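*Asks:* here are the coordinates; sequence isn't available:
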Ligand code: IMP
C-alpha cells in the first residue's frame with residue numbers, strides 16, 4: 001500500500017479509529033501527527049471496545065511500528081495511564097516511539113485553559129479541558145518543554161522557569177492563586193524521563209528509514225479539518241494542524257512522501273463544543289439521531305450536537321485536503337428516516353453561498369439550503385456489499401459523492417471491523433484486497 005493519510009473531513013468523531021484499524025493490517029507503520037488526549041479514537045474488535053486517546057490505533061495490531069509525532073502535545077500522565085490500561089488488556093508496546101520534539105502538556109496548561117474559558121463567558125470554546133490550547137501556546141511562545149528535555153533531568157527546573165513566570169502572570173491578572181507544585185512536577189518529569197526515555201527519538205529519521213526500506217506508512221490524523229487551527233471555523237477550533245497539511249510539519253516527513261489521502265465523513269454531521277453547526281437539527285429528531293448514533297464524546301462523554309450532512313463543509317474539506325477517496329461512516333444511523341435533508345449550500349442575507357466563509361459570524365448567520373433525499377426505511381446495519389443496500393441508500397451515497405466532488409470508496413454500516421463495504425470501483429480498491 002502507498003503512504004496514505006487518514007483525516008477527518010468534518011468536526012471530528014467521524015470514526016477515524018475504525019478506518020485506521022482496518023487499514024493498519026496493510027501497512028508497517030502508523031504515525032499520528034497532531035493533537036493530544038483531546039482525541040478519542042474508538043475501535044471495536046470482536047465486540048471488545050478500545051478507546052485510544054494518544055496512542056496510534058495501529059497499536060492494536062502486533063508488530064506494527066507506532067509513531068507519535070512532534071505535531072502532537074503529550075500529557076505524560078495521560079500517556080502512561082493509557083499504556084497501563086492497554087497493557088492490562090494484553091496490548092504490547094514494543095514498537096511505540098515518541099518524537100523528541102513533541103511538546104509536553106503540564107498541569108499549569110489545564111489551569112490556564114480553565115481561566116481562559118471562564119474569561120470568555122458566553123463565547124467560551126467548549127474545549128475538552130485537557131490543556132491542549134495552552135500547551136500549543138507555550139510551544140509557539142517558545143517557552144514549552146519537549147520530550148527531549150526529559151532526557152536531561154538536571155536542566156528541567158531552569159527550562160520550566162519561563163513557563164512558570166507566564167503562568168503566574170496570568171494568575172495574578174485573573175486574581176487566582178497559582179497552585180502548581182513545581183518541585184513535585186520536576187520529580188514526576190524525571191520519572192517519566194526514566195520510563196519513557198528509550199522510546200524518545202527523532203521520528204522523522206525513523207519514518208524516512210521506513211520509507212527507504214519500502215515500508216508503507218499510514219498517517220493518522222486526530223480531530224478534523226473543520227477544527228484545524230488554520231482551516232477550521234476559527235476561533236472554534238482546536239490548536240493544531242488537523243488537516244492533511246499537518247502531516248509534513250507534524251512528523252518531519254517530506255510532503256513528497258505522502259501518496260494519497262482518505263477523508264472520513266459521517267453520513268450526517270456532528271460537533272462537540274461551541275461554534276457554528278449550520279445544519280444542527282434541534283428538538284426530538286436530533287435527540288433521536290444522537291441516541292441511534294451513540295453520539296457522546298469518547299473523551300469527555302459530552303453529548304454531541306447533531307446535524308444533517310453538510311455538503312458545503314465536506315466539499316471544502318475535499319478541496320483543502322485533496323482527498324482521493326472518502327469513507328462514509330454510520331450510514332445505518334439514518335435507517336429509520338423517511339426523508340433525509342442534505343445541505344447543498346447556504347443562504348446569507350438573501351445570497352447563495354457555496355464556499356465556507358472565513359468569518360465565523362457569517363457562518364453563524366448562514367441558513368442551510370436543503371435538498372431532500374428519500375430515506376430507505378430499512379435496516380442497513382452490518383451490510384457488507386453495495387448490493388445488500390436498499391436502492392435509496394445507494395442513491396444517497398452517490399448523491400453525496402456527486403455533491404462533494406469525491407468518490408466514496410468505503411461505507412461503514414456498523415461499529416465492528418467487519419461491518420464495512422469496500423467498493424470494488426474505488427481508486428483504492430487494489431489496496432483494500
Ligand atoms: P481542545 O482541542 O480541547 O482545545 O478543544 C477545542 C474544540 O475542539 C472544542 O470544540 C472540542 O470539543 C473540539 N475537539 C477537540 N478534540 C476533539 C475530538 O477528538 N473530537 C471532536 N471534537 C474535538
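*Replies:* Everything's here; your move. Because the structure is predicted, anything quoted here is derived from the model rather than measured.
*Asks:* I'd assumed residue 431 was in a helix, is it?
*Replies:* Yes - under DSSP: H, G, I helix; E, B strand; the rest coil, residue 431 sits within a helix.
*Asks:* OK, contacts around whichever residue of the stretch 201-350 of the chain sits closest to the ligand?
*Replies:* Residue of the stretch 201-350 of the chain nearest the ligand, by CB to the nearest ligand atom: residue 273 (2.3 Å). Using the backbone N, CA and C atoms, a C-beta is placed for each residue, glycine as well. Contacts of residue 273 were listed using CB atoms under 8 Å, 6 or more residues apart in numbering, and they are 125-128, 236, 302.
*Asks:* and the residues you listed, which two are the farthest apart?
*Replies:* 236 and 302 (14.6 Å; CB to CB).
*Asks:* So which of those two has more stuff around it?
*Replies:* Taking neighbours as other CB atoms under 10 Å, residue 236 and residue 302 compare with residue 236 leading, 23 against 13.
*Asks:* Could you report the pLDDT at the more buried one?
*Replies:* Per-residue pLDDT puts residue 236 at 98.
*Asks:* next one: residue 433
*Replies:* For residue 433, the pLDDT comes out at 68.
*Asks:* what do you get for residue 114?
*Replies:* pLDDT at residue 114 comes out at 97.
*Asks:* Please apply the same query to the one 4 residues further on.
*Replies:* At residue 118, the predicted lDDT confidence score is 95.
*Asks:* Residue 273 too?
*Replies:* 90.
*Asks:* near the ligand, which residues of this protein show up?
*Replies:* With CB under 6 Å from any ligand atom as the criterion, the chain meets the ligand at residues 12-13, 38-40, 125-128, 130, 132-133, 222-223, 227, 238-239, 272-273.
*Asks:* now the strands: where do they sit in the stretch 251-400 of the chain?
*Replies:* Here the stretch 251-400 of the chain has its strands, by DSSP state E, counting those that start in this stretch, at 260-266, 269-271, 305-307, 309-310, 325-329, 339-348, 351-353, 367-374.
*Asks:* Nearest to residue 198, out of these?
*Replies:* Of all these, strand 260-266 comes closest under CB to CB, at 32.5 Å.
*Asks:* correct me, but residue 119 touches residue 173?
*Replies:* No - the criterion here is CB atoms under 8 Å, and residue 119 misses it with residue 173 at 9.6 Å.
*Asks:* For residue 230, which non-adjacent residue is closest in space?
*Replies:* Leaving aside its chain neighbours, residue 230 sits nearest to residue 241 (6.7 Å; criterion: CB to CB, 6 or more residues apart in numbering).
*Asks:* which SS class is the residue of the chain positioned farthest from its centre?
*Replies:* Most distant from the centre of the chain: residue 154, at 35.3 Å, with distances by CA atoms, centre = their mean. Classification of residue 154 using three-state DSSP returns helix.
*Asks:* wait, what's in contact with it?
*Replies:* Residue 154 sits next to no residue when contact means CB under 8 Å, 6+ apart.
*Asks:* ok, and the closest non-adjacent residue to residue 34?
*Replies:* residue 240 (4.0 Å).
*Asks:* my bad, residue 321
*Replies:* In this structure, residue 321 finds its nearest non-sequential neighbour in residue 244, 4.1 Å apart by CB to CB, 6+ apart.
*Asks:* same thing with residue 373?
*Replies:* Spatial nearest neighbour of residue 373, excluding adjacent residues (CB to CB, 6+ apart): residue 340 at 5.0 Å.
*Asks:* and the one you found, how many neighbours does it have?
*Replies:* 21.
*Asks:* ditto for residue 63
*Replies:* Neighbour count of residue 63, defined by other CB under 10 Å: 10.
*Asks:* And the residue nearest to it when sequence neighbours are not counted, how close does it get to the ligand?
*Replies:* Once flanking residues are discounted, residue 63 sits nearest to residue 95: 7.0 Å by CB to CB, 6+ apart. Per CB to the nearest ligand atom, to the nearest Å, residue 95 is found 24 Å from the ligand.
*Asks:* Please determine how far residue 95 is located from residue 64.
*Replies:* Distance of residue 95 to residue 64, given as CB to CB, to the nearest Å: 7 Å.
*Asks:* mind listing what the helix or strand containing residue 31 pairs with, with the direction of each?
*Replies:* Using DSSP states H and E, residue 31 falls within strand 29-32. Using DSSP bridges, the strands paired with strand 29-32 in its sheet are strand 65-68 (parallel), strand 217-220 (parallel).
*Asks:* I'd like the average pLDDT over the last one.
*Replies:* For strand 217-220, the mean pLDDT works out to 98.
*Asks:* Please list the residues outside it that contact it.
*Replies:* 1, 3-6, 16, 20, 23-24, 27-33, 56-58, 207, 210-211, 247, 251, 253, 257-258.
*Asks:* in the protein, which spans are helices?
*Replies:* 16-24, 76-88, 107-120, 132-140, 156-173, 182-196, 203-212, 246-251, 283-292, 311-321, 360-365, 391-404, 429-432 (DSSP state H).
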